[in-house]
Structure formats: structure tokens, C-alpha cells
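>>> quick one, what's the 3D model for this:
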Amino acid sequence: MSTLKVDKLYAGDRSTGSDENVLLNDDGTTNLKGNTTVTGTCAATTFSGSGASLTNLPAANLTGTLPAISGANLTSLPSSSVNPNLLINGDMRVSQRGTSEAIAADGWGYFKVPDRWRVNLGGATTVTVSQDTDSPEGFANSIKYACTTIDDSLTGGENVKCEQRIEARDLQHLNWGTSDAEAITLSFWVKTNKSGTYWCNLVNWDNCSTVSKSYTVSDGNWNKYSVTFPANTSYAVNNDNGRGLDVIWYLTAGPNYTDGTTQAGWYNECHGNNKVAVGQVNWSDSTSNVWNMTGAKLEVGSTATDFNHESYAEQLRKCQRYYQRLGHQMIWAGRGNGSSSFVFGCPLPVPLRTGSVTVTMSGTLKTFETDATSESTNTPSAGYGYGDDTAAMALVQTGHSGLTDDRCINGYIHGTGSYLALECEL
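The predicted structure follows:
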């Protein structure tokens with residue numbers, strides 16, 4: 001083997017010594033200048049200098065820990081921001097009460113439909129409302145209205161509405177009633193065979209104000225719609241657990257709602273009987289008409305972001321603040337209150353919104369102590385000592401016999417489809 005040993009090896013214009021493309025220094029360093037091509041593997045402990053002109057680097061060739069870089073100049077990146085949803089159960093998955101119910105004329109309230117969604121009928125129209133499996137891609141359920149009795153000559157305040165009421169304390173970040181008030185955007189998917197103009201309406205009950213926006217259905221497919229409502233700088237929302245905001249979808253509206261000209265901004269009106277649905281299509285004119293809706297989202301800002309797909313467990317917990325259905329065979333501990341009354345403690349999976357609770361029961365509640373049993377089908381009533389946001393409550397059921405006063409007694413509900421339900425909806 002031969003060895004060539006030199007002090008320096010130049011490649012370039014040796015006469016100047018300043019334009020060398022390759023310079024092998026006697027201290028072991030190498031200077032490369034200009035365009036240099038390396039074939040095979042180039043191994044080095046470190047590289048220094050700017051990498052601004054480096055292109056087409058295969059990801060597989062970059063190993064080890066890469067240094068942190070600033071993303072300040074990165075552009076055209078997809079947005080990952082998803083705003084919180086002010087509505088609960090907007091994808092209609094939770095339906096504790098049941099999955100379908102026929103609603104009579106002038107019927108209103110919470111029925112066997114997806115949780116937190118309220119049906120409101122005024123006039124002759126009757127509907128069947130249900131949790132449906134017809135839904136757009138990415139969703140499993142929708143709420144479905146099917147017209148069963150027509151009203152093709154609307155008068156007064158006749159209407160068909162789908163709505164959700166939002167607790168006031170969940171709206172404080174909107175800063176309504178101040179100069180810092182936020183606009184909000186409502187987005188949702190709708191499928192209906194009845195084309196035309198439909199209206200969405202917000203009602204602030206604390207300070208009696210309303211605003212409306214329309215959307216237009218032009219085909220019978222699933223379509224996503226969004227409407228933005230202006231900031232409410234004039235009317236505040238109370239900071240409490242009461243009814244703060246109604247979010248309403250009109251399917252049908254009589255002349256009390258459709259006469260006049262819809263105002264562009266918020267104005268002083270609680271009941272929405274004027275100018276909130278001008279040009280609204282009459283969905284109630286045929287028993288062939290259906291209306292499905294899902295993916296409902298109300299958020300801060302003027303842009304609709306993607307729907308928040310939460311776990312079923314999280315969605316259920318949010319619904320249970322307003323309605324809880326406890327199944328059969330659940331055992332409660334209590335005591336005899338005289339010989340005919342049973343007082344028992346009921347632990348709650350989620351604290352209820354308020355201590356003002358409506359109790360319903362289906363089935364028979366059976367008590368048992370060491371030497372006796374008793375049964376009653378009477379609906380229990382809310383007992384004493386229960387307030388807002390507490391994790392348990394006392395219930396009292398009458399109609400028993402042979403109980404021992406102040407003796408420890410257990411009880412449970414039995415029977416097919418039996419349940420105990422606690423409700424404090426807005």
C-alpha cells in the first residue's frame with residue numbers, strides 16, 4: 001500500500017487560493033465550496049451552517065432526535081381548532097326516555113326522543129318524533145319529525161318547532177350585554193323532502209331578546225347548513241342555573257311569526273311572535289313530509305368548525321344533569337317512616353341541575369327487611385335536604401303496609417321495563 005502525504009490538497013484556482021472548491025486542510029478539516037456531489041454514504045458527527053437550501057431529504061434518512069424548529073412561517077396547514085359545543089347531544093345518540101313517540105296537537109315538552117331535545121307544537125299539526133338511524137357520514141343517529149296530521153291553512157301562532165334550552169351559567173363566556181360580546185355560529189345537518197326557506201331562532205329569556213337567521217333547503221339529501229348570529233351587546237344572560245337561551249328550529253310557522261320583516265339583529269321580544277320566520281315554508285301541509293336533523297353545534301365565533309365527537313359516556317353524563325333514568329333491580333337503602341311510608345337515599349350518577357325535581361316511576365318498588373316485605377306502585381316524591389348540584393337525594397314512597405318505623409329497610413324496583421326517573425329540565 002502506498003501513502004501520499006501532503007500539507008494541503010486543493011481543487012480549484014490555485015493561483016488565488018480563494019476559490020478552492022475542495023480544500024483538505026492539514027488539521028483534518030475539509031472545506032467544501034460551491035456545488036458538491038457525494039455518492040454513497042456521507043457520515044458525519046455534526047453539520048453546521050444554514051440548511052435553507054436543503055431539499056428532497058428522504059424521511060427514512062433522518063434519524064435521531066431532530067432539533068426544535070419554529071413554525072411561525074409555516075403556511076397552508078389545515079386547522080385543528082374545534083370550538084366547544086354549547087349544545088348537548090347534538091348527534092342525537094343519547095335517548096334515555098325511549099326512541100319514538102306520537103305527539104298530539106298542541107303538544108310540547110320532553111318526549112321519547114333524544115335527550116335535551118324539546119318538541120313544541122302549536123295548532124292542529126300532529127307528528128311522530130323519533131331517534132332515527134338515517135344520518136350523514138360520520139353520524140349514527142338523527143332526530144326525525146314525521147307529519148301525521150296536516151295543517152295547510154295556518155293561523156295565528158300555530159307552529160312546529162324543534163328546540164334545545166341552554167343553562168345560563170354555560171353562556172357567561174359570550175360576554176353578552178357588553179361591548180365585548182361574542183357572535184355565535186349554529187351549524188347542523190338537515191335532510192327533508194320539503195324544500196324551501198326554514199328559520200332558526202335564538203331567544204334570550206333572561207333579558208327578553210331574540211334574533212333569527214334562515215337557511216334554504218333545495219333538495220332531499222343530507223346537507224350541512226350554518227348560520228351566524230351577531231353579538232348580543234344589549235341584553236345580558238344571568239349567571240345562574242336557569243333557562244338562559246332557547247335555540248329553535250322552525251318547521252312550520254303561522255302568520256304571527258311570518259308577518260312583517262325579519263330584523264337583522266337582536267331586538268326586545270321574548271315570545272318570538274313577530275318577524276322571526278318570514279317566508280318560512282309550511283312543512284305541515286302533507287303527511288308525506290319528514291325532517292331529520294343531526295350534528296347540531298352552537299359555538300363562539302363567526303365560523304363553523306367541525307362537530308365535537310365525544311364519547312357516549314361523556315355525552316350521557318351531560319344529559320343526566322337534566323334527566324336520569326335508573327333501571328330496575330337497583331337497590332336503595334332506607335328506613336320505615338311509620339308503617340306505610342318508605343324513605344330511601346338515592347345516589348346520583350351526576351348531580352342534578354336543581355333541587356326542584358320531578359319524579360316518575362314505572363313498575364313496583366318492593367321493600368324488604370329481616371322478617372317482612374311490602375310493595376307499592378305509588379310514585380315517590382322528592383324528600384328533604386336536597387339542593388342544587390348535590391350527589392344524592394332522599395325520596396319518599398307511600399302505599400306500603402307493615403313497615404317498622406325507623407327500622408333499616410332496603411328496596412328495589414322490579415317488573416319488565418321498570419325504572420325510576422328524575423327530571424329537572426329547563
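
>>> for the protein, just list every one of the helices.
For the chain, the helices defined by DSSP state H occupy 255-258, 312-320.

>>> highest mean neighbour count out of the ones you listed?
helix 255-258 (a mean of 20; mean count of other CB atoms under 10 Å). Any C-beta I mention is one placed from the backbone N, CA and C, and that applies to glycine too.

>>> how far does that one sit from its chain's centre?
Chain-centre distance of helix 255-258: 30 Å, with CA atoms, centre = their mean, to the nearest Å.

>>> ok, stretch 347-356 next?
20 Å.

>>> ok, the nearest residue in space to Ser234 that is not next to it in sequence to Ser284 distance?
Spatial nearest neighbour of Ser234, excluding adjacent residues (CB to CB, 6 or more residues apart in numbering): Trp266 at 6.3 Å. Distance, Trp266 to Ser284, by CB to CB, to the nearest Å: 28 Å.

>>> pull the contacting residues for Cys408.
333-335, 369 (CB atoms under 8 Å, 6 or more residues apart in numbering).

>>> Leu422 too?
Going by CB under 8 Å, 6+ apart, the list of residues near Leu422 reads 323-324, 326, 346, 348, 352, 357-359, 393.

>>> what about Ile166, how many residues close to it?
When counting by other CB atoms under 10 Å, one arrives at 20 neighbours for Ile166.

>>> please tell me how far it sits from Pro351.
Taken as CB to CB, the span from Ile166 to Pro351 is 18 Å.

>>> and Asn256, by the same measure?
Asn256 is 39 Å from Pro351, by CB to CB.

>>> residues in contact with Ser135?
92, 141-142, 189, 222, 292, 294.

>>> ignoring the adjacent residues along the chain, who's closest to it?
According to CB to CB, 6+ apart, the nearest residue to Ser135 is Ser142 (4.7 Å).

>>> got a pLDDT number for that neighbour?
We note a pLDDT of 99 for Ser142 in this prediction.

>>> what's the answer for Thr294, then?
Reported pLDDT for Thr294: 99.

>>> picking up where we left off before, can the contacts of Ser135 go into TSV with extra columns for distance to Gly383?
What follows is the contacts of Ser135, written out as TSV (distance: CB to CB, whole Å):
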residue	distance to Gly383
Met92	34
Asn141	36
Ser142	39
Trp189	43
Trp222	47
Asn292	42
Thr294	39
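
>>> which single one of the residues you listed is nearest to Ala421?
Ranking the contacts of Ser135 by separation from Ala421, with CB to CB as the measure, puts Met92 on top at 19.6 Å.

>>> tell me the contacts of the closest one?
Contact analysis of Met92 by CB under 8 Å, 6+ apart lists 114, 117, 131-132, 135, 139, 141-143, 294.

>>> name the member of the contacts of Ser135 with the most neighbours.
Result: Met92 is most packed of those (other CB under 10 Å), 28 neighbours.

>>> the closest residue to Lys144 other than its chain neighbours: how many residues sit nearby?
Excluding its sequence neighbours, the residue lying closest to Lys144 (CB to CB, 6+ apart) is Asp132, at 3.8 Å. Applying other CB under 10 Å, we find 22 residues neighbouring Asp132.

>>> what of Thr373?
By the criterion of other CB under 10 Å, Thr373 has 13 neighbours.

>>> do I have it right that it meets Thr367?
Yes. Thr373 is within contact range of Thr367, at 6.4 Å (criterion: CB atoms under 8 Å).

>>> wait, Ala236 touches Asp180, no?
No. Counting by CB under 8 Å, Ala236 stays clear of Asp180, with 11.7 Å between them.

>>> and the contacts of Cys408, which of them are buried?
Buried members of the contacts of Cys408, scored by 16 or more other CB atoms under 10 Å, are 334-335, 369.

>>> quick one: least confident of those residues?
Lowest pLDDT among the buried ones among the contacts of Cys408: Glu369, 89.

>>> report the contact partners of that residue.
336, 403-404, 407-410.

>>> in the sheet, who's paired with it?
Ala372 (DSSP bridges).

>>> distance of the residue nearest to Lys144 relative to Trp108?
21 Å.

>>> check Cys424 too.
For Cys424, the distance to Trp108 - CB to CB - is 17 Å.

>>> more crowded one of the two?
Set Cys424 next to Trp108 and count neighbours by other CB under 10 Å: Cys424 wins out with 18 against 13.

>>> pull the contacting residues for the more buried one.
Cys424 touches 322-323, 352-354, 356-358, counting by CB under 8 Å, 6+ apart.

>>> let's see it at 7 Å
Shown in contact with Cys424 (CB atoms under 7 Å, 6 or more residues apart in numbering): 322, 352-354, 356-357.

>>> looking at it, Gly402 is touching Ala372, isn't it?
Yes. Under the criterion of CB atoms under 7 Å, Gly402 makes contact with Ala372 at 5.3 Å.

>>> shaky segments in the stretch 1-150 of the chain?
Flagging of the stretch 1-150 of the chain using pLDDT under 70 yields the residue ranges 1-80.

>>> redo that, cut-off 90
By pLDDT under 90, the low-scoring segments of the stretch 1-150 of the chain are 1-82.

>>> same deal with the stretch 251-400 of the chain?
259-264, 268-276, 327-331, 355-356, 369-372, 382-392.

>>> which residues of it fall in strands?
290-300, 323-327, 331-336, 342-347, 358-369, 372-376, 381-382, 392-397 (DSSP state E, counting those that start in this stretch).
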